[in-house]
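> Provided below for reference: sequence and predicted model.
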Amino acid sequence: MALRLCLDVNVWVNYYLAIARGRGLNSAASGLTHAVFSGACARGPVQLIVSHAMLDTLERMLRRIPVTEPFAEMARDQIEAASGSGYLARPPSIILGGTAAQALLDQEDAAVLNAAMAGRAHLFVTKQHC
């Protein structure tokens, strides 16, 4: 059985910022994204759980930081391709309606939690902002 893994947008931002800034990729975000892109981890096959709303947020955040527009588009396309080529080959979800388990004031956080729940993620990874 594949591990269904949902990475919060801030994990992806951390990973792509490290790449854009030419920093080393020896981080938790790097290890997690490697598992997603390779489709496997020590536990076995990995399937990325992601939504179009999450990809939109990622692209918007990368453009604000700023990185080049083509870089932000490449990041989005790379993640979308990884979700569609994973063990279960599940394309990004479109979550229509519904509510998160907890009422969240932040709509972006609610969208991520909804995607994780709708995709029945086994593991949801986020990074707390300092």
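Looks like it came in fine.

> quick one: stretch 26-40 to chain centroid distance?
Relative to its parent chain, stretch 26-40 has a centroid offset of 11 Å by C-alpha atoms, centre = their mean, to the nearest Å.

> buried sites along it?
29-30, 32-33, 35-37, 39-40 (16 or more other C-beta atoms under 10 Å). (Each C-beta comes from the backbone N, C-alpha and C, glycine too.)

> in helices, which of these fall?
Counting by DSSP state H, the part of the buried residues of stretch 26-40 found in helices is 29-30, 32-33, 35-37.

> out of the buried residues of stretch 26-40, the closest to Gln47 would be?
Of all those, Gln47 sits closest to Gly39, with 7.9 Å by C-beta to C-beta.

> tell me the pLDDT at that closest one?
Here, the pLDDT recorded for Gly39 equals 88.

> isn't it right up against Val46?
Yes: under the criterion of C-beta atoms under 8 Å, Gly39 makes contact with Val46 at 5.6 Å.

> so where is the chain shaky, pLDDT-wise?
Applying pLDDT under 70 to the chain flags the ranges 24, 86-106, 128-130.

> can you pull out the helices in it?
Taking DSSP H as the criterion, the chain carries its helices at 9-20, 28-38, 52-64, 69-84, 107-118.

> same list (these) but as CSV, adding distance to Lys127.
Shown next, in CSV, are the helices of the chain (distance: least, C-beta to C-beta, whole Å):
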stretch, distance to Lys127
helix 9-20, 5
helix 28-38, 7
helix 52-64, 13
helix 69-84, 16
helix 107-118, 12
